[in-house]
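J.: Turn this into a model:
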Amino acid sequence: MRALEFTGNRAFSDGELARWVTTTPSARIRRLLRIPGFGTKRCLNRRYLARDIGDLALFYRNRGFYDVKVDTTVQPRGRAGVAVTFSIVEGEPTILTDYTVSGLDGVRDSALLVQSLRLRESRPFDLSLLIADVDSITRRLRNNGYYRATTLMNTHRSLDSLTMTAEVRVLPGKQARFGEPVFEIEPAEDRRQELPNRIVQRVMGIQPGALYSDAAIVDAQRSLYLLGIYRHVAMEPLPDSAQPPGDTTVVLNVRLSEDYMKGIDSEYGWATLDCFRVRLQYSDRNFLRSARRLEVTGQASKIGFGAPVASQASRDFCSLNGQGPLAEDQFSEDMHYFGGVTIRQPRLLGTRWVPALSLYSERRGEFKAYQRTTPVGSDLSFTRGLGEQSQLRLGYSQEYGRTEAPDAVLCALFNRCDETSRAAISERATLGIASATLSRFTTDNLVSPNRGTIFRAEARTSASPYLGTSRSLFFNKLSGEVAAYAPLGRGVFSVRLRAGAVAGSSLSDSLAYIPPQERLYAGGATSVRGFQQNELGAAVYVARTTDLDKGDTTATPVRYSVADTVGFERVVPVGGNTLVVANFELRVRDPFLFPNVLQYVFFVDGGDVWNRPTTPRLKWTPGLGLSAVTPIGPIQANLGYNAHPRSKGPIYSEDPLRIGTSISPLYCVTPGNTIDLERRDGVLQPPVGSGCPATYAPRAPTRWTQRLVFTLSLGSTF
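T.: I've put the predicted structure just below:
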């Protein structure tokens, strides 16, 4: 099969009609190359042509084209190939002139129900829309207590087939209410029933006497599934012969198969930014036989690189002999960890809210940006489903800990360039955060979506003494994300937009301080793939001590600097208080050897992270990637092209002989700076609050290959 064509179709596109026929051309790569083994080969089966003609005619007639005529021709196309053409004469459509719905008298919101129907008068009649309207009426009635609602439809077509009338007659019956459910619970092998019937009924949220609703049954099934203690959940009304006398009570038959209630999960792995990592979790899904869920979690990363679990050999392995990213991150010197206990209640006082309380201790960080150590922390949240695909979470967390940021960032952002001021910012303090998160998922797959949408929005605030926050840590933060996925040919086209803004408290007359862990960062394998992790936006630089020009240290004044032409030892991302990121991606399945395993990825990412009130400059980076499906999830390697110069910023130098001592100054060495160093406590130091000019411009790459950026990700890119 070389080609499939349609002629004469005006009301419907070729793509719509192609979905209704069995005859399908060979894969595009097969038609182009004509090499055996490359792409799917599809041959013409003439027995299917007659059926395709009938299916197309039925498709048109169901949409009001009763005089449609369909024929087909088969023509040679190249060597051993054919092209199939379906010729269509649509004729005139049948117009719906009258559409009535009766029998809804006394039904609440019946007027709104009629207004929401999809079939409209003065438009072509569409049988599929009429059936959808009937289903919609029946579903609405059953969700409002009319368990035995019946809906009848009737149509009448004129003799000339140009007009049509339609009538829907509704027989709602009496409103019904739920009765006492009947339980059939099968325990796990060699176990007795773990969860009592009264607890099951409470989790279901359906009380005897409540108005009948199909939606309530679906919600009850979802609540039981989310407990994670049932292998099978079935819930439906008993047959009419088994229902109580009369027609106003509906008894549910609840059939459940229990699973084992306790378990241990473990994860082990290695990542370029984590070295070795491990996660262990113990779960009791029926704590105190009350459907409460108890989780004890412990995890650690930077194992083999961070103290105390490290040796020189393991550090060399994890940092790729000092050439990998871990060697550049000061916050990987210590092992990161998390230990916590969480208890979750299935329903709060019979409502749909699910409360959870966690106590934890952790050390976590963002690559080259910050490290947060929390000896003691707690989190209280209330989660509620909004329909089948949406969720609202309200939370409050209280932490006592400290956040460390690179000295160069504290100096560049907050003029804390001396040891005393930097230590004051990093002192332990209480941080209470109230948050609200709204999310909605309509994708067909959580790991590798082919169609659907994702929406997330979060608001966070600590800006009130009633939240238990130290006044110096007040902030307000708002962030959101929207993603959409749609099939395109043999692949999937996706787009994602992210945005965020945060405002901090005032430490001085005009300086707003935002805790480093709440600042916004972008760049990396799951963000803008033309930049390395967190390196989109402003940055500060640390000079090599060998490039430092100290001038005459006996003269007055003393100034340190580097030449415009030198490079830097490392870059430190600053982040920002405002973020915008956009991703456009096309995934195409491999048409050659591994169509179910490999995907080719074409992407264009762009965005910026900046500090208001400066003006953003969106930076776009195109690239290519290769994604492979593995037992542990999709692994994707990306190669982005970054044509943008590095952002200008200040450049600093550390005194290697004084790092870790009581006085560890950070010198501004931006070319042309006019900062006079002064000797305090016998040590040459910069003046307090001296700042540093952000005018250092790193050298641009001289070869195009130096503009290529490689990133690697495990799991969904976004």
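J.: show me where the stretch 401-550 of the chain has helices.
T.: Counting by DSSP state H, counting those that start in this stretch, the stretch 401-550 of the chain has helices at residues 407-414, 419-425.
J.: repeat for the chain
T.: 14-18, 28-33, 47-61, 110-115, 127-142, 197-204, 214-226, 312-318, 407-414, 419-425 (DSSP state H).
J.: Lowest mean pLDDT across the helices of the stretch 401-550 of the chain, which one is that?
T.: Lowest mean pLDDT within these: helix 419-425, a mean of 64.
J.: I'd like the distance between Gly228 and Pro698.
T.: Relative to Pro698, Gly228 is positioned 51 Å away (C-beta to C-beta, to the nearest Å). In this view, the C-beta of every residue, glycine as well, is placed from N, C-alpha and C.
J.: cool, Pro656 as well?
T.: According to C-beta to C-beta, Pro656 stands 22 Å off from Pro698.
J.: Between these two, which is the more surrounded one?
T.: Regarding Pro656 and Pro698, a neighbour count based on other C-beta atoms under 10 Å identifies Pro698 as having more, with 17 against 9.
J.: wait, that one sits on Tyr541?
T.: Yes. Between Pro698 and Tyr541 there is a contact at 6.8 Å, judged by C-beta atoms under 8 Å.
J.: So what pairs up with the closest residue to Phe338 other than its chain neighbours in the strands?
T.: Closest residue in space to Phe338, ignoring its immediate chain neighbours: Glu362 at 4.2 Å, by C-beta to C-beta, 6 or more residues apart in numbering. Applying DSSP bridges to Glu362 gives these bridge partners: Phe338, Thr374.
J.: Please apply the same query to the one 4 residues further on.
T.: Under DSSP bridges, the beta-bridge partners of Glu366 are Tyr370.
J.: List the residues that contact it.
T.: Going by C-beta atoms under 8 Å, 6 or more residues apart in numbering, Glu366 touches 331, 517, 521, 534.
J.: tally of neighbours for the second one?
T.: It refers to Gln517. 18.
J.: and the residue nearest to it when sequence neighbours are not counted, what pLDDT?
T.: The shortest distance from Gln517 to any non-neighbouring residue, by C-beta to C-beta, 6+ apart, is to Arg372 (4.9 Å). pLDDT for Arg372: 91.
J.: so what's Arg372 up against?
T.: 362-365, 401-404, 517.
J.: What separation is there between it and Thr578?
T.: Distance of Arg372 to Thr578, computed by C-beta to C-beta: 22 Å.
J.: Asn476 now?
T.: Distance of Asn476 to Thr578, computed by C-beta to C-beta: 13 Å.
J.: any common contacting residues for the two?
T.: With C-beta under 8 Å, 6+ apart as the test, Asn476 and Thr578 both reach Val502.
J.: quick one, which of these two is more surrounded?
T.: Thr578 (19 against 16).
J.: ok, the residue lying closest to the more buried one once chain neighbours are set aside - how many residues close by?
T.: Excluding its sequence neighbours, the residue lying closest to Thr578 (C-beta to C-beta, 6+ apart) is Ala501, at 5.0 Å. When neighbours are defined as other C-beta under 10 Å, Ala501 has 16 of them.
J.: Any idea what Ala501 is bridged to?
T.: With DSSP bridges as the criterion, Ala501 is bridged to Leu478, Thr578.
J.: Check the spacing between Glu167 and Glu180 real quick.
T.: Distance, Glu167 to Glu180, using C-beta to C-beta: 40 Å.
J.: what's across from the residue nearest to Asn638 when sequence neighbours are not counted in the sheet?
T.: Leaving aside its chain neighbours, Asn638 sits nearest to Gly625 (4.1 Å; criterion: C-beta to C-beta, 6+ apart). As for beta bridges, Gly625 partners with Val601, Asn638 under DSSP bridges.
J.: Export the contacts of Glu366 as TSV, with columns for distance to Leu618 and pLDDT.
T.: Formatted as TSV, the contacts of Glu366 follow (distance: C-beta to C-beta, whole Å; pLDDT from 0 to 100):
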residue	distance to Leu618	pLDDT
Phe331	29	88
Gln517	26	86
Tyr521	16	93
Asn534	17	91
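J.: List only buried entries from the residues you listed.
T.: Among the contacts of Glu366, those buried by neighbour count (16 or more other C-beta atoms under 10 Å) are 331, 517, 521, 534.
J.: Which of those sits closest to Val200?
T.: Gln517 (41.5 Å; C-beta to C-beta).
J.: Tell me who's in contact with that closest one.
T.: 366, 370, 372, 403.
J.: Thanks a lot, see you next time.
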